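Q: Sequence plus predicted model, see below.
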Amino acid sequence: MVMDDVPAPPPQVETGSRHGILLPATPAHLSTIHAFLDREVPEDFRGALGKIETAVEELLMNIFRHAYATEGEGKAMIRCQPVDLDGAAFLRVGVRDWGRPYNPLAEAPRPDLSAGIEERPIGGLGIHIVRQVTAHYCYCRDQDANDLELFFAPCS
């Protein structure tokens, strides 16, 4: 029996001492990405899992909306790896896409948090949340890809 409508498992890619996952850049794959993060986030960072999942999902939603807006569907890769920065432990979570150059950390407008809820436009808080829940973040354009790196401190 052939089952053409059963999706193939996402490719796992080796990225240093941790793994990554490469998927079509569509909201349909968010649950797979959450499962990947749940599996790959080391024990020392489990307390930050909710923040990690929220930040990654917000970045991915930007990729879905902006990176491939003119080309159609593309790919996104998520990877995570513990790193040591100046003697402190962090979890580095990378989000990569091959869409048009776009740095949401710099290009997304900062929300007016002083305005009342009725005066604020719908949306626009995602990148603000990413900035708030990460210890550090950075962006670069590398070999026709957008690379965003988020760094999370361990939480108890």
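A: Received, thanks.
Q: what helix or strand is M77 on?
A: If you go by DSSP states H and E, M77 is part of strand 75-85.
Q: ok, that strand: who's next to it in the sheet?
A: Its sheet considered, strand 75-85 pairs with strand 18-24 (antiparallel), strand 88-97 (antiparallel) by DSSP bridges.
Q: mind exporting it as PDB, just the C-alpha atoms?
A: Output of strand 75-85 as PDB, limited to C-alpha atoms (Å, rounded to 0.1, in the frame of the first residue of the first chain):
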ATOM      1  CA  LYS A  75      13.300  26.500   3.700                       C
ATOM      2  CA  ALA A  76      14.300  27.300   7.300                       C
ATOM      3  CA  MET A  77      16.900  25.700   9.500                       C
ATOM      4  CA  ILE A  78      16.900  25.700  13.300                       C
ATOM      5  CA  ARG A  79      19.900  24.600  15.300                       C
ATOM      6  CA  CYS A  80      20.800  24.700  18.900                       C
ATOM      7  CA  GLN A  81      24.100  24.300  20.700                       C
ATOM      8  CA  PRO A  82      25.400  25.100  24.200                       C
ATOM      9  CA  VAL A  83      28.300  27.600  24.100                       C
ATOM     10  CA  ASP A  84      30.700  29.300  26.500                       C
ATOM     11  CA  LEU A  85      30.900  33.100  26.200                       C
END
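Q: Any idea how many residues pack against N146?
A: For N146, the neighbour count with other CB atoms under 10 Å is 24. All C-beta spots, glycine's among them, are computed from the backbone N, C-alpha and C.
Q: What residues are bridge-paired with it?
A: D97, R141.
Q: roughly how far apart are it and F64?
A: According to CB to CB, to the nearest Å, N146 stands 13 Å off from F64.
Q: which other helices and strands contact the top helix by length along the chain?
A: In the chain, ranked by residue count with DSSP state H as the criterion, the top helix is helix 49-62. Using 3 or more CB pairs under 8 Å, 6 or more residues apart in numbering; DSSP states H and E, the elements in contact with helix 49-62 are helix 30-40, strand 75-85, strand 88-97, helix 126-133, strand 145-152.
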